[in-house]
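Participant: Kindly generate the corresponding structure for this input.
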Amino acid sequence: SLEEVEEARHLAEDVQTEQAFLSWLASSLRSCRRYGDALRYTKRQMELWRQEEDLGEMAKSLCEIAELCITLDQVEEATEAGKTAESIFKRLKDSKGEARVLLEVVSKVEMLKGEADVAHLAAKQASILYQREGMTSGECKALKVLSEQHVSAGEHEEALQVLGEAAVRFRKCNEQIPLAEMLIAAVAVHLDVGRLSQARKAADTALGVCRQLGPSGQRQLASGLCASARAHLADRDVRSWTIATQEAKEAQQLSVELQDAQGEVAARLLLSDALMAGGKLQEAYVQLSTLAMERRTCSDLEGEAIALYQCFRALRDAGSTETAIGTLHQALNIYWSLSDGSGAMKCLYALAQVHLAAGDSAASLQGLSEVLGMVKRYRRKQRMEASVLELVAKA
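Facilitator: Presented below is the predicted three-dimensional model:
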């Protein structure tokens, strides 16, 4: 258990042994999304590398600190850790390290600050550096981040251009895994603007590529199945919902075989979406309740909150309003405990919708006011702001 490893760490007789324990603890805590605790151990790791004067490892730890700080909305601390890491990587002439800072720190921090152009440039530079180093996986990640940034800014054509140009290049080079990843990413972009036929086409092409990869492409296949399921769920057709259910189940099974816990959770959430779309609210609620309890047992608080939010949806649609509101408050409290502003905003907005539907305009306006304040604080979620203002007008 985590407690036993922590006790063993204190008994470590040398730095190398303590570093091994710290690395395991930080990784385990990140996997179950306990980011605050992971940050504490990662900072200890960085201090040990500083004492050992190992600049390369110190810079890697600083990157991890910055990434965790971003997750926790600690932007200033993330910026400082990123700058220090970048200067060390440049001094060591470590291009991969520089690319990591640009992609995981600079681009994300600048998006949080509302500086989309600067964020785009950082992601582009990262993709170029990864390409020069022959790191296709890093290049793919950078390109997907860049496309997501364009989507966040409402620039869907630019996002599709980034993914399309990369897909053409990867196809010419016969690099099938990155090709599949670009096609899968395009599904989400098409869905975001309601282009169902294009989304389905991209999903079908991606699945075709993934199935040809065999064992080496199982992770991409699971991801592709989830993307295809989302495309089918967006279609208001019973046959499509049936296909979505089948795809979500296959993705879940693959994730179990790959021991990909987060992939399994994503597939199970999609399966619950398919059940709710088909009107099977009680079955969806039972499965989601089970998932929430499992995530709690695994100390995955974020996963528990996500499942509870889905439970709220099933209860609300079934007409169990009071129980739904109680469940939503459970999710909200978890998000507050995790300092997860995005999750809290989602819950507060849903709560305001429920109050408005029940005719309680005052409670609805109070919740919406809080959401607007958070939107402006985090300088993001422009779409959320537009939705809030629309609901305020109705209230």
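
Participant: now the helices for the stretch 251-395 of the chain?
Facilitator: With DSSP state H, counting those that start in this stretch as the criterion, the stretch 251-395 of the chain has helices at 261-277, 281-297, 301-317, 321-337, 341-357, 361-378, 382-394.

Participant: Can I get those helices in JSON lines including mean pLDDT?
Facilitator: JSON lines is the format used below for these (pLDDT from 0 to 100):
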{"stretch": "helix 261-277", "mean pLDDT": "93"}
{"stretch": "helix 281-297", "mean pLDDT": "96"}
{"stretch": "helix 301-317", "mean pLDDT": "95"}
{"stretch": "helix 321-337", "mean pLDDT": "94"}
{"stretch": "helix 341-357", "mean pLDDT": "89"}
{"stretch": "helix 361-378", "mean pLDDT": "77"}
{"stretch": "helix 382-394", "mean pLDDT": "59"}
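
Participant: could the ones you listed be laid out in CSV, adding distance to Asn174 and mean neighbour count?
Facilitator: Every C-beta, even on glycine, is put in place using the N, C-alpha and C of the backbone. Output for the helices of the stretch 251-395 of the chain, formatted as CSV (distance: least, CB to CB, whole Å; neighbours: other CB atoms under 10 Å):
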stretch, distance to Asn174, mean neighbour count
helix 261-277, 26, 22
helix 281-297, 39, 18
helix 301-317, 37, 23
helix 321-337, 44, 18
helix 341-357, 39, 20
helix 361-378, 42, 17
helix 382-394, 38, 14
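
Participant: for those, which one sits closest to Glu158?
Facilitator: helix 382-394 (16.1 Å; CB to CB).

Participant: Any idea which of the helices of the stretch 251-395 of the chain gets closest to Leu102?
Facilitator: The minimum distance between Leu102 and those falls on helix 361-378, with 21.8 Å, by CB to CB.

Participant: Output that closest one in CSV with nothing but the alpha carbons.
Facilitator: Taking C-alpha atoms only, helix 361-378 is exported to CSV below (Å, rounded to 0.1, in the frame of the first residue of the first chain):
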residue,chain,number,x,y,z
SER,A,361,-34.7,31.5,-10.2
ALA,A,362,-33.0,33.0,-7.2
ALA,A,363,-31.0,29.8,-6.5
SER,A,364,-30.2,29.4,-10.1
LEU,A,365,-28.9,33.0,-10.4
GLN,A,366,-26.8,32.5,-7.3
GLY,A,367,-25.1,29.5,-8.8
LEU,A,368,-24.6,31.1,-12.2
SER,A,369,-23.0,34.1,-10.5
GLU,A,370,-20.4,31.8,-8.9
VAL,A,371,-19.7,30.1,-12.2
LEU,A,372,-19.2,33.4,-14.0
GLY,A,373,-16.7,34.5,-11.3
MET,A,374,-14.7,31.3,-11.8
VAL,A,375,-14.8,31.6,-15.6
LYS,A,376,-13.2,35.0,-15.3
ARG,A,377,-10.7,33.9,-12.6
TYR,A,378,-9.4,31.0,-14.7
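
Participant: So which elements touch that helix?
Facilitator: helix 341-357, helix 382-394 (3 or more CB pairs under 8 Å, 6 or more residues apart in numbering; DSSP states H and E).

Participant: Output the helices of the stretch 251-395 of the chain as JSON lines; include the columns distance to Thr71.
Facilitator: Shown next, in JSON lines, are these (distance: least, CB to CB, whole Å):
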{"stretch": "helix 261-277", "distance to Thr71": "14"}
{"stretch": "helix 281-297", "distance to Thr71": "17"}
{"stretch": "helix 301-317", "distance to Thr71": "10"}
{"stretch": "helix 321-337", "distance to Thr71": "13"}
{"stretch": "helix 341-357", "distance to Thr71": "10"}
{"stretch": "helix 361-378", "distance to Thr71": "13"}
{"stretch": "helix 382-394", "distance to Thr71": "19"}
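
Participant: Could you check these and tell me which one is nearest Ala222?
Facilitator: Ala222 lies closest to helix 261-277 among the helices of the stretch 251-395 of the chain, at 5.6 Å (CB to CB).

Participant: what's the closest one packed up against?
Facilitator: helix 218-233, helix 238-257, helix 281-297, helix 301-317.

Participant: ok, and for whichever helix or strand Thr42 is part of, which residues are buried?
Facilitator: Assigning secondary structure by DSSP states H and E places Thr42 in helix 35-52. Across helix 35-52, burial judged by 16 or more other CB atoms under 10 Å covers 35, 37-39, 41-46, 48-49.
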